[in-house]
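quick one, what's the 3D model for this:
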Amino acid sequence: MKKTTQFKQLINNPEILVLPSCHDGLSAKVLEQADFKAVCAAGFGISASLLGKPDIGLLSGMEAVRQYENLCSAVDIPVFVDIDTGYGDVNNVIRMVRECEKAGAAGLFIEDQTWPKRCGHFDGKHVLHLEEFVPKLRAALWARRDPDFVIMAGTDAVETLGLDEGIRRALLYAELGCDVVMVEAVKTVEEMQKVNQALAEVHAPSFINLVEGGKTPLIPAKELQEIGYSVVAYTASTVFTTVKALTDMAEHLMKQGTTRDILHKMIGFEEYFEFIGANDIRILERSFLGPF
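Alright, predicted model coming up:
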């Protein structure tokens, strides 16, 4: 089964899809081996991993695509990717959609913020007028060559224009043909329920993005499913965990001059080579050797 078809089925399953975010091939493999059915890759982590910069629109579209190629090659599960606001006009959106398809992504997310965009849980966001964003969305839907390639549209309208406008936009994006929609940065369970009641009336799958310390409360997946969500993404968890673990290691090494006493916090040498696939590669290499 194609990864696009597999991912579309996961979204439309009755059980909510828990979608952790990866930021490089290594984090993607960790999540795959933890038995997640799919992963996402968002600008939050890609900007941090590639540039060491925050998610404020510094990452270029093709820098993101090259990383998406690496991620999709690293794992055998579907990878859902982020094209921010499309990196330009309708022509840029068309290119991004097709480049992401070629990279092996199972689908992508586009948002209605102005450029340069900000992480959806940052303050100071602004959204495009619908007359500016809808053409981009139409272009994205037109550009996909695989009909199962999932396209999600998200709105950041809640912060500046209110919840009702966010819901209105999400309903419009679903009406235009998006496979799943998101109202970003809702702040209460009551707001979540209002969003999902509206989307349920048009049978539109609903996506929620949770960021530790962000604007939306961290509610367990089962409860989110009961509220009506089809997908919950954790777009910052691996970045926050990586920074914390590396900081602890670096501080210990600086103070003690050795990592001997924190080996229990690390994967072992042989265990790592098994995890990363080196042993399988050596077996494959040997299969090519022999008499000729």
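
low pLDDT regions in the stretch 51-200 of the chain?
For the stretch 51-200 of the chain, the stretches with pLDDT under 70 are 118-124.

tell me where it has helices.
Assigned by DSSP state H, counting those that start in this stretch, the stretch 51-200 of the chain shows helices spanning 61-74, 90-103, 130-143, 157-161, 163-176, 189-201.

would you mind writing the CA trace of the first one as PDB?
Same thing as helix 61-74. Taking Å, rounded to 0.1, in the frame of the first residue of the first chain, the C-alpha atoms of helix 61-74 are listed here in PDB:
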ATOM      1  CA  GLY A  61      11.200  26.000   1.200                       C
ATOM      2  CA  MET A  62      13.900  23.900  -0.500                       C
ATOM      3  CA  GLU A  63      16.000  23.600   2.700                       C
ATOM      4  CA  ALA A  64      12.900  22.000   4.200                       C
ATOM      5  CA  VAL A  65      12.300  19.700   1.200                       C
ATOM      6  CA  ARG A  66      15.900  18.400   1.300                       C
ATOM      7  CA  GLN A  67      15.400  17.500   5.000                       C
ATOM      8  CA  TYR A  68      12.000  15.900   4.200                       C
ATOM      9  CA  GLU A  69      13.800  13.700   1.600                       C
ATOM     10  CA  ASN A  70      16.200  12.500   4.300                       C
ATOM     11  CA  LEU A  71      13.300  11.800   6.800                       C
ATOM     12  CA  CYS A  72      11.200   9.900   4.300                       C
ATOM     13  CA  SER A  73      14.200   7.800   3.300                       C
ATOM     14  CA  ALA A  74      15.100   7.000   6.900                       C
END
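
any idea how this protein splits into domains?
3-242, 246-287 (automatic domain parsing).

in CSV: the ones you listed, plus mean neighbour count.
(Glycine included, C-beta is placed from N, CA and C.) Shown next, in CSV, are the domains of the chain (neighbours: other C-beta atoms under 10 Å):
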stretch, mean neighbour count
domain 3-242, 19
domain 246-287, 11
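
where along the stretch 1-150 of the chain do the strands fall?
Per DSSP state E, counting those that start in this stretch, the stretch 1-150 of the chain carries strands over the ranges 17-20, 39-41, 79-82, 107-111, 150-155.

distance of the nearest residue to residue 28 once chain neighbours are set aside from residue 161?
Distance criterion C-beta to C-beta, 6 or more residues apart in numbering; nearest residue to residue 28, sequence neighbours excluded, is residue 22 at 3.9 Å. Going from residue 22 to residue 161 by C-beta to C-beta, to the nearest Å gives 32 Å.

residue 270 too?
Counting by C-beta to C-beta, the gap from residue 270 to residue 161 is 55 Å.

repeat for residue 186
Distance from residue 186 to residue 161, by C-beta to C-beta: 13 Å.

overlap in contacts, those two.
Listed as contacting both residue 186 and residue 161 by C-beta atoms under 8 Å, 6 or more residues apart in numbering is no residue at all.

sorry, back to before: now the phi/psi pair for the residue nearest to residue 28, please.
Here is the backbone geometry of residue 22 (degrees, to the nearest 10): phi -110, psi 160.

give me the residues contacting stretch 227-244.
Applying C-beta under 8 Å, 6+ apart, the set of residues contacting stretch 227-244 is 11-12, 16-23, 27, 30-31, 40, 42, 44-45, 48-49, 180, 189, 192-193, 195-197, 199-200, 205-212, 214, 219, 221, 224.

swap in 7 Å and give it another go.
For stretch 227-244, the external contacting residues (C-beta atoms under 7 Å, 6 or more residues apart in numbering) are 11, 16-23, 27, 40, 42, 44-45, 48, 180, 192-193, 196, 200, 205-212, 221, 224.
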